[in-house]
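Chemist: Sharing a model prediction with you, sequence too.
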Amino acid sequence: MAGCPPIDPYRQPSADELANSLLRRLIPTVDAARAVGVRLGLRQYEVRIIRTQWTGEQRGEGAEFLVDERPLTPTPLVMGLDTVNRVFESVGAIEEGTVMVSEISGRYTEDYLTGYGQNGEPPGPNEQVFYEIRYPSVDGDGVRRRFTLRGTPSYFADKFEWRLRLEKAIEDRSADRYA
C-alpha cells in the first residue's frame with residue numbers, strides 16, 4: 001500500500017499484542033494437559049497462597065486471622081521439598097530450606113503470585129502473605145508447611161509457566177488455625 005510506513009519486524013510487541021499472542025491463547029490447553037497428571041495422582045501436594053491480617057496496626061500485633069486462601073490450579077510441580085531440613089535448636093525442632101515451585105499456570109499474573117490485591121495494592125502493614133504446601137493424608141489433614149516468596153516470580157512464555165523459589169518459614173499452620 002502506497003503511503004503506509006513499513007512494519008518494523010524488530011520492534012517490541014505491545015502489551016495488547018502479547019496478551020493476544022498464540023502462546024497466551026494456548027495456556028488453557030497446557031493447563032488442561034497438566035490437570036490430567038493431577039487427576040492421575042502425579043501431583044498430590046496442594047499449593048496455596050494465604051493472606052492473613054493482624055488485629056493490630058502492624059504484623060504480629062494482636063490476633064492473626066485468615067483473610068484469603070487461594071489454591072494454585074492446576075497443581076504446580078513442587079521440587080526440593082526433600083531438601084528442607086529439620087534443625088534442632090533450644091526452642092525445639094524447626095525446618096529450614098528452599099523449594100522450587102514450577103509449572104504454575106501462565107494465566108496468573110506477577111501481582112497475584114506476589115500477594116498483591118485485586119486492584120494491584122501491596123499487602124498492608126498488618127497483613128501477611130505466604131505460601132502453604134500441604135500433602136493431604138488419608139487419615140488426616142496433613143502438615144501445612146508455610147513458605148515465603150524468595151525473589152521475584154519468573155515467567156517462561158515458551159513453557160507456559162511461572163516459577164517461584166520459596167523459603168521455609170519457621171511457623172507452620174495447624175489444621176484448626178484460622179478456623
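Modeler: Great, that's in hand. Numbering: from 1, shown residues only.
Chemist: contacts, neighbours, all on C-alpha from now
Modeler: Will do.
Chemist: Quick check: nearest residue in space to the residue most central in space within the chain, chain neighbours excluded?
Modeler: Centroid-nearest residue in the chain: Leu113, 5.0 Å away (criterion: C-alpha atoms, centre = their mean). Nearest residue to Leu113, sequence neighbours excluded (C-alpha to C-alpha, 6 or more residues apart in numbering): Pro153, at 7.2 Å.
Chemist: Pull the number of nearby residues for that neighbour.
Modeler: Burial measure for Pro153: 17 neighbouring residues, criterion other C-alpha atoms under 10 Å.
Chemist: contacting residues for it?
Modeler: 110, 113-114, 162-165 (C-alpha atoms under 8 Å, 6 or more residues apart in numbering).
Chemist: Pick the one among those residues closest to Ile104.
Modeler: Closest approach to Ile104 among the contacts of Pro153 (C-alpha to C-alpha): Trp162, at 4.9 Å.
Chemist: partner residues bridging the closest one?
Modeler: Ile104, Tyr155 (DSSP bridges).
Chemist: hang on, it packs against Met100?
Modeler: No: here Trp162 lies out of contact with Met100, judged by C-alpha atoms under 8 Å, at a distance of 10.6 Å.
Chemist: who's more crowded, the two?
Modeler: Trp162 (22 against 15).
Chemist: how far away is the more buried one from Gly106?
Modeler: Between Trp162 and Gly106 the computed distance is 6 Å (C-alpha to C-alpha, to the nearest Å).
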